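**Student:** got a predicted structure here, sequence first:
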Amino acid sequence: MIRSTRAPALNHCALTHTGHLREINEDAVLARPELGLWVVSDGMGGHAAGDYASQTVIAALEALPGDLAPEQIPRAARDALHRAHAAIRAEGMRLGQGPIGATVVLLVVAEGHFMCLWAGDSRLYRLRDGQIEMISADHSVVGELVEQGHLDWDEAEHHPHSNQITRAVGVGETLAPDKRRGDVRPGDRFLLCSDGLTRYASAETLRRQVDGVALARAGEILLQTALDGGGTDNVSLILVEA
């Protein structure tokens, strides 16, 4: 019988902030380094509904057993998202005030590889050898324009329809998160974040503020960038270092 071995926990920094204008933080973050699992979720639906949605996503993933083998984690995480989807849809119908939901971006790192699941416009970036790459692709109206070559991702942040997402946990009959896999090399840094950060920071700004800076300090700089830029939305970010 082949036994899987778990790699040592990776360094990480996780931050979330209500911002300057919102009364409630509808973002939520989760760090489970013992599973190699990190999550950012951004709720929508207004006040308690958005908060409920993001917290439901996080609670479903927080409930995963801590002794899962690496090869079990991706499927378990996907199943947890589907459970959260059903719970959020049920709450939305009970409230009867229109759809509620939450974006999600999820990173799993194990045995020299990563897997990303996402729905909505919360993002995953990878910084490698001084270059930054956006791993996810926004499920949004402007995201489709980017995919068609009409905009780049930085331009999409300033488009008037930039906040119109096309997928979210809890919205629609079925949840269809996208998935991407890749390798992990020593020194790689991953950034998961809500749009409360990316609306104030281009990819080049993210690269410059993360590259070569101590992880905790980089997180503080990124958060301050969003707050100094206006902080009109909740801001959440997680940095993970291989």
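**Tutor:** That came through, no problem. Residues are numbered from 1 along each chain as shown.

**Student:** which residue ranges of this protein form strands?
**Tutor:** 11-17, 27-32, 37-44, 101-110, 113-119, 123-128, 131-134, 178-183, 189-193, 235-241 (DSSP state E).

**Student:** between the second one and strand 37-44, how big is the angle?
**Tutor:** Put plainly, it is strand 27-32. Interaxial angle, strand 27-32 versus strand 37-44 (axes from the mean of the first three to the mean of the last three Cα atoms, to 10 degrees): 170 degrees.

**Student:** listing partners with orientation, what would you give for strand 27-32?
**Tutor:** strand 37-44 (antiparallel) (DSSP bridges).

**Student:** mean confidence (pLDDT) on the partner strand, please.
**Tutor:** The pLDDT scores in strand 37-44 average 97.

**Student:** what bits of the protein have low per-residue confidence?
**Tutor:** Per-residue confidence for the chain (pLDDT under 70) gives these ranges: 1-8, 46-47, 142-151, 153-163.

**Student:** pull the longest helix from it.
**Tutor:** Counting by DSSP state H, the longest helix found in the chain is helix 73-95.

**Student:** just to revisit the earlier point, tabulate the strands of the chain (TSV), appending mean neighbour count.
**Tutor:** To be clear about C-beta, it is placed using only N, CA and C from the backbone, and glycine gets the same treatment. Below are the strands of the chain laid out as TSV (neighbours: other Cβ atoms under 10 Å):
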stretch	mean neighbour count
strand 11-17	18
strand 27-32	22
strand 37-44	28
strand 101-110	27
strand 113-119	21
strand 123-128	22
strand 131-134	15
strand 178-183	12
strand 189-193	27
strand 235-241	25
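
**Student:** what about the residue nearest the centre of the chain, distance to Lys179?
**Tutor:** For the chain, the residue nearest the mean C-alpha position is Val105 (3.0 Å; Cα atoms, centre = their mean). Val105 sits at a distance of 11 Å from Lys179 (criterion: Cβ to Cβ, to the nearest Å).

**Student:** and for the two, which residues touch both?
**Tutor:** Here Val105 and Lys179 share the contacting residues Cys116, Leu117, scored by Cβ atoms under 8 Å, 6 or more residues apart in numbering.

**Student:** circling back to that earlier point, could I get the buried residue list for the longest helix of the chain?
**Tutor:** Buried residues in helix 73-95, counted by 16 or more other Cβ atoms under 10 Å: 73-74, 76-77, 80-81, 83-85, 87-89, 91-92.

**Student:** so what's Arg32 bridging to?
**Tutor:** Beta-bridge partners of Arg32, as defined by DSSP bridges: Leu37.

**Student:** my read: it touches Glu62, true?
**Tutor:** Yes - if you go by Cβ atoms under 8 Å, Arg32 and Glu62 touch, sitting 7.4 Å apart.

**Student:** residues contacting Phe114?
**Tutor:** Leu107, Val108, Arg181, Gly182, Asp183, Val184, Phe190.

**Student:** recalculate using a threshold of 6 Å.
**Tutor:** With contact taken as Cβ atoms under 6 Å, 6 or more residues apart in numbering, Phe114 is in contact with Gly182, Val184.

**Student:** ok, the closest residue to Val213 other than its chain neighbours - how many residues close by?
**Tutor:** Of all residues not flanking Val213 in the chain, Ile221 sits nearest, at 6.8 Å (Cβ to Cβ, 6 or more residues apart in numbering). For Ile221, the neighbour count with other Cβ atoms under 10 Å is 15.

**Student:** do the same with Ala226
**Tutor:** 27.

**Student:** quick check: closest non-adjacent residue to it.
**Tutor:** Val235 (4.3 Å).

**Student:** right, and the one you found touches Thr225 too?
**Tutor:** No - using Cβ atoms under 6 Å, Val235 and Thr225 do not qualify as a contacting pair, with a distance of 9.2 Å.

**Student:** ok, what's across the strand from the residue lying closest to Ala203 once chain neighbours are set aside?
**Tutor:** Nearest non-adjacent residue to Ala203, counting by Cβ to Cβ, 6+ apart: Ile132, 5.4 Å away. Beta-bridge pairing of Ile132 under DSSP bridges involves Leu127.
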